[in-house]
Structure formats: structure tokens, C-alpha cells
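Peer 1: Structure for the following, please:
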Amino acid sequence: MADEPGARPSTRDVAFALLFAIGGNTLMAPRGPVALAPVAACPGALEVVAIVVAHVAPSAPLGIWLFNVDRLLAVAAVAAFAVLATRSAGGWLAAAAAALAFASQVPFAPRLSVFGPAAILVPVLALLTLNHRGTGSNTDVRVWLGLLLTAAISPGLTLPLAVVAALYAGGAARWVTSARRSRAAAIAAAALVAWVTLLQAVMPGGPPAFTHPLWCLVPWADAWTPVHAGGELRSMLSAAGVYACSLAALGAFSFRGAVRQRRTWTLVAYVAASVAVSWIGRDAGRLIAPAMVALWVLVAAGLAEAVRACGGGFGGRVAAGLLILLLPLLQLSARAGEATSAHAGLEGQERLTLQTVAQTLRILPDDSAIVEEDATLELFLRALDGTWQRAGKRLQLLPRRAAEVAAALTAGTHVFARPAAQAELSSIGFRLTQLHDAPGFAEVREGGVCSPLDTQWHTLPGVLRSSRLALVAETDAEAGPMVAYLASDQPPVVRAVDWPPLTTRGFHVRSYDREADGDLTRIEASILDDGVPATSPGLMARYLTRLELWRTPGAPRILTVELGTTPVAAIARLGLDAAVRRLTVCPVFQLTRESIPGTIAS
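Peer 2: A predicted model of the protein is given here:
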């Protein structure tokens, strides 16, 4: 621990923190095109602020403003973390290394979010307050405000944090009777729940399928699924790496002397609430933020312990320097090796305005549905809640899943999509027609059927309607392999389309021509090895292609393959050694997207 964790940071400390923050965000922050942030199932205070801004400036491109503010918030979050890490580690060297590594984490990647880095900044400030050794009403109020802001941003944490607030308030030393302790605990918990409930009550609703804001106070309102439970925690630990996690364990051990202190138990409860709710709740990326900050604080403390253990000799200094340098360098190399698509990025979403969305809603027919795209479109729909109702129209929001979109089309609903949703829908069997009166919007129509796979051979009727196919997974566990045979009358030219570089090792193709020397023998041997039934369609076609696809770790959920020609027959199955026997093959239809002019540079 630092010598004076309760003292205010000096001007020099703040200057160093800002220097590390700017350097970290410049040198260490994940690179790549600006991505879209996912839709928040349970919006909170950040969305309320953005909705107010959208109403104040309805013709302003909200996305550009949000993106620039996010960059400032990222610098502030890393700077505050540098101060927190210094107080926990007791020195600037270990804290600086931890701050640089912290700046390289996924939440700081460039994305079009609704004040995304604020979800990191608030837990940093809350932990700074909890790490304060002072006593008195001022400290208690700051702790309560830290808990309140965390719950306001992540409503799913409200009830667990109310318990934390009650434990902290009831444990204050100034209460001399149990009745006063109980009263203080009840007031702290009730006030926190009341304020967050009031905030959620004023949150605009939106089309059907939006979660009602008050339901967000219950973190387990959605059905719990073991497949997804704990996924965000595993991702956080995986992104940190073995070295950082080992330092965090050492850092946790170094705090053993503070176990009996009241503030330590409050801090542990605060972090435990984050881990527990993110395990079962919605918006796990936001719910896990306090735990992520705590992890890197422990990393800083553990690194300081390791450096002190190296001793003061020449060899010890060299070893300590290597330990310090190793932490940010490993994080930098890990981010550089991650699979990213060269064609990902924005297509005008950042220039969308509240006025534009309102005009589009006016021209949409009755009984329409919009496929969810990103956090900003969801924000505009919430901000416009009531406009389509007053016009006598029915509007709903659809998840970006083939089954829901197909069901809506079957029911006669008019379905529309924005650019990012269009790219995915065109890869899962839907055709799209651009709306000339609403730039960036397209109407979704039925195209071709998708075929779920298992270990038995199945025909792929939808693939026969396109010269492209896509391998679609619902979870990262669905790795394959998929084996397919594609028959055609024209020579195929098979290639992977926009696969990230590290994923192409899962792409294997062999093409045969019955009239070429030796290919007939190779075809028969391949069919025999794969156990293809002799009655399968297309086996006697002149051109036959064997396609084997694997989803490597970190691969996109949709992998597209160009065939070069439309097949006349196609069959496929999963490999017998597939760990998770669930993948889908869909036809891909060509898409020419019309985006709003002007995008944020990568």
C-alpha cells in the first residue's frame, strides 16, 4: 500500500497520471477500425444524458460527438487508474507499467459507444474512494456516491450494491447503538435503490422487445443459460494473460494485512457484486467493469511486491526492470496478435441524427420492424418513443437473428435494417433492397433457407441460390469442422472472403475436374474417406469441390466463402470430432450498401 492512501494526489502526481494516460492511449490502446458498440439491454444514466443531448441538438451527428467525448473519458479513466494504482502499489514504476497495460484492454478499443469509457472511469473513482483511509461523514458520502454512480450506470448492480451500501453505513464507528446502525444501513440502501429506480422510471421505453427500464434492477430477469454464464469474466482473465493474473494473485496476497479493515471488506463486497451479477446478468461487459479495475489494481500491487523482492543490487535492478517492462509489452503483443477484420468499421452510423431517424420513422409503413444494429440507433429509438404511437403506427425492434427476422417476415411485418445489420442479414440468407428516401436503411426480404448441420450428411438447398455461402456460429464453442461437397457445371474459384489473417488456417479447399488426369481417382478416394453416401446428389458432376472449414479461436461468428459459381448440388455435415455439434450454413447474397456520407477515420 502507498504511504498515505488517504492524502489527496499532488499536482505532480496528477501530471504524471495524465502523462501515462495520454501515452497509454496513444501507444497501447487497441488499434483498428472504429467498431459499433452492442445494444445495451439495460441502459442507465449514460443513456439518459445522451438522450437529453440528442433532444437539445436533433440535427447534430450525435455519433461524432460521442466518439470524441469517449476519447477524453478514456484518458481520464487511465489517469485516474494511474493514481489508484500508485496508492495501491506504493510507487510510480509499477503503477506506470500497470497503467500502460490497463490502457491496452478491450474496453478502450475505438468504438462508437454511449460514453463507454465512463463505465470504467466511475469504478476507478469508486475504488479510489473506498481506498481512502479517512473517516467521517464526508468519506461516507463519497463512498455512497461512488456506489450510486456505479448502480446508475449499470442498473443490474443496484440491489447488490444496496447491500454493500448498507454494510458500509451500518459499520461506521460513530454509531454507538445497534438501532442507529440498522437505521443508517436501511437509509443508505433505500436511498440508493430509490435514486436508481427514479432514474430508470424516467428512461424512455421504445418499441416492443425493449426491456422495460425497471426490470433492469433485477439482474437475473433473463433466462440463465450455462453456455453464456461467466463468459465475460473468462474473457477478462484471458485478455489479461497468465503473467498479469499471476501478479494479481501476488497482489491479493500482499493485502492480507488489511483484511480486518472495514474499507477492505467494503471493497471486496463491491468487486464481488460485480463478478456475481456479470455471471448471470445482461450487459455483462458493463457489469464486470468494477472487477476489471480491481484486477489491474491487484496487478500493480503484485508487480510492486515482485520488484521489491528483486533486491537493490545490480542484478536485482535488472530483474526488476525486466519485470516492469514485461507487463506492458506482453499486453501490446497480445493486442497486436488478435484477429481483426480489415473491412470492419463504420459506414456512416456516426453521422446519424435524431432528425434523420424521425423522418425515416414517418415514412415507414405500419407494422414495421427495425433490426437492432448498435447502441446509438437504440438510443435514437428510445429518444423518439411516442412519435410512432401518436402516428398510429406499430413498430418493433428485432434481434439480429435469422429465426426472429424470418418469423416477422412470415407474419407480414415490414422489416428494415441499417448498414451493419444489412451486412449480417445478407450473410444469413436474406435479400435487401435499399430505401432511396432513407439513406442507410434497406428493406429485408426472404432469400434462401439456412441449413443447420450435425454429423449426418444433409443437402444445402439454400446454397444453390447463390455463389457464396457462410458458416454461421452462435457461440465461440462452435468450432466445427464442417465438411461440404459442392458440385458445379463451371470451374469453381473458391476463396475466403474477408477472413482475418489468423483465421485462414481453418480454411481448406480441394477442387476436382473429372476430366483432368488423376482427379477421378482422387474424387473417389475423398468420398470414401469422408463416408459420403453413394446416392448423394451432384457426385457425378464434372466439377466437384471439397470444402473443410474450422472456426479458429477468436474467429468472427460469420465466415463467408466465395465459390466463383453457383452450385448445382451441395451436401455438408459436421466432423465426427466436433466438440459442439451445432453450426449453420447459409447462402450469401450480394449487397451494395448505401451509407451516410462521411465516416470517422480508422
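
Peer 1: tell me which residues in stretch 390-404 are buried?
Peer 2: Neighbour-count burial for stretch 390-404, counted by 16 or more other Cβ atoms under 10 Å, picks out 395-398, 400, 402, 404. Yep, even glycine has a C-beta here, placed from its N, CA and C like the rest.

Peer 1: Likewise for stretch 534-547?
Peer 2: Those would be 538-539, 541, 543-547, for stretch 534-547 by 16+ other Cβ under 10 Å.

Peer 1: and which of the buried residues of stretch 390-404 is nearest Ala189?
Peer 2: Closest approach to Ala189 among the buried residues of stretch 390-404 (Cβ to Cβ): Leu397, at 33.8 Å.

Peer 1: Backbone dihedrals for that closest one, please?
Peer 2: Torsion angles at Leu397 (phi, psi; degrees, to the nearest 10) stand at phi -110, psi 130.

Peer 1: Show residues contacting the helix or strand hosting Gln422.
Peer 2: If you go by DSSP states H and E, Gln422 is part of helix 419-425. By Cβ atoms under 8 Å, 6 or more residues apart in numbering, the residues outside helix 419-425 that reach it are 36, 347-349, 371-374, 400, 405, 417, 432, 440, 442, 444, 558, 591, 593, 595.

Peer 1: ok so, going back, export the buried residues of stretch 534-547 to TSV and tack on pLDDT, distance to Ser178 and secondary structure?
Peer 2: As requested, the buried residues of stretch 534-547 are exported to TSV (pLDDT from 0 to 100; distance: Cβ to Cβ, whole Å; DSSP: H, G, I helix; E, B strand; the rest coil):
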residue	pLDDT	distance to Ser178	secondary structure
Gly538	87	80	coil
Leu539	87	82	coil
Ala541	91	84	coil
Tyr543	94	84	strand
Leu544	94	81	strand
Thr545	94	77	strand
Arg546	95	76	strand
Leu547	95	72	strand
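
Peer 1: Low-confidence regions, this protein specifically.
Peer 2: Scanning the chain for pLDDT under 70 picks out 1-32, 132-139, 171-177, 205-214, 219-231, 259, 262, 335-345, 591-602.

Peer 1: for Phe115, helix, strand, or coil?
Peer 2: Assigned state for Phe115: coil (three-state reduction, DSSP: H, G, I helix; E, B strand; the rest coil).

Peer 1: Tell me the spatial nearest neighbour of it, not counting adjacent residues.
Peer 2: Leu46 (4.3 Å; Cβ to Cβ, 6 or more residues apart in numbering).

Peer 1: Show me where the stretch 451-600 of the chain has its strands.
Peer 2: Counting by DSSP state E, counting those that start in this stretch, the stretch 451-600 of the chain has strands at residues 451-453, 458-459, 468-472, 482-488, 495-497, 507-513, 543-549, 558-562, 569-574, 583-588.

Peer 1: Tabulate these (CSV), appending distance to Leu332.
Peer 2: Formatted as CSV, those follow (distance: least, Cβ to Cβ, whole Å):
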stretch, distance to Leu332
strand 451-453, 39
strand 458-459, 45
strand 468-472, 31
strand 482-488, 35
strand 495-497, 28
strand 507-513, 28
strand 543-549, 31
strand 558-562, 28
strand 569-574, 37
strand 583-588, 34
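
Peer 1: Among the ones you listed, which comes closest to Ala300?
Peer 2: Closest approach to Ala300 among the strands of the stretch 451-600 of the chain (Cβ to Cβ): strand 558-562, 38.7 Å.

Peer 1: Could you list the paired strands of that closest one along with their orientation?
Peer 2: strand 468-472 (antiparallel), strand 495-497 (antiparallel) (DSSP bridges).

Peer 1: so that strand versus strand 583-588, what angle?
Peer 2: Per axes from the mean of the first three to the mean of the last three Cα atoms, to 10 degrees, the angle that strand 558-562 makes with strand 583-588 is 50 degrees.

Peer 1: From Pro204, how far out is Arg382?
Peer 2: Separation of Arg382 from Pro204 (Cβ to Cβ, to the nearest Å): 4 Å.

Peer 1: Name the residues contacting each of those two.
Peer 2: Contact criterion Cβ under 8 Å, 6+ apart; residues bridging Arg382 and Pro204 by contacting each: Ile51.

Peer 1: so what secondary structure elements neighbour the host helix or strand of Leu159?
Peer 2: For Leu159, the host element (DSSP H and E) is helix 158-170. The elements that helix 158-170 packs onto, with contact taken as 3 or more Cβ pairs under 8 Å, 6 or more residues apart in numbering; DSSP states H and E, are helix 137-153, helix 178-201, helix 262-280.

Peer 1: helices or strands up against whatever helix or strand comes next after the last one?
Peer 2: Scanning forward in sequence from helix 262-280 by DSSP H and E, the next helix or strand is helix 284-287. Where contact means 3+ Cβ pairs under 8 Å, 6+ apart, helix 284-287 is packed against helix 231-254, helix 262-280.

Peer 1: Packed most tightly, which of those would that be?
Peer 2: helix 262-280 (a mean of 20; mean count of other Cβ atoms under 10 Å).

Peer 1: Can I get that one in PDB? Just the C-alpha atoms.
Peer 2: C-alpha atoms of helix 262-280 as PDB (Å, rounded to 0.1, in the frame of the first residue of the first chain):
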ATOM      1  CA  ARG A 262     -13.800  -2.000   7.200                       C
ATOM      2  CA  ARG A 263     -12.900  -0.400   3.900                       C
ATOM      3  CA  THR A 264     -11.300  -3.600   2.700                       C
ATOM      4  CA  TRP A 265     -14.400  -5.600   3.300                       C
ATOM      5  CA  THR A 266     -16.500  -3.000   1.500                       C
ATOM      6  CA  LEU A 267     -14.100  -3.000  -1.400                       C
ATOM      7  CA  VAL A 268     -14.200  -6.800  -1.600                       C
ATOM      8  CA  ALA A 269     -18.000  -6.700  -1.500                       C
ATOM      9  CA  TYR A 270     -18.100  -4.100  -4.200                       C
ATOM     10  CA  VAL A 271     -16.000  -6.200  -6.500                       C
ATOM     11  CA  ALA A 272     -17.800  -9.500  -5.600                       C
ATOM     12  CA  ALA A 273     -21.100  -7.900  -6.600                       C
ATOM     13  CA  SER A 274     -19.700  -7.100 -10.000                       C
ATOM     14  CA  VAL A 275     -18.400 -10.600 -10.600                       C
ATOM     15  CA  ALA A 276     -21.600 -12.300  -9.300                       C
ATOM     16  CA  VAL A 277     -24.000 -10.200 -11.300                       C
ATOM     17  CA  SER A 278     -22.000 -10.300 -14.500                       C
ATOM     18  CA  TRP A 279     -22.100 -14.100 -14.300                       C
ATOM     19  CA  ILE A 280     -25.900 -14.100 -14.800                       C
END
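
Peer 1: So which bits of the longest helix out of those in the chain are buried?
Peer 2: In the chain, with assignment by DSSP state H, the single longest helix is helix 62-89. Going by neighbour count (16+ other Cβ under 10 Å), the buried part of helix 62-89 is 62-64, 66-67, 69-70, 73-89.
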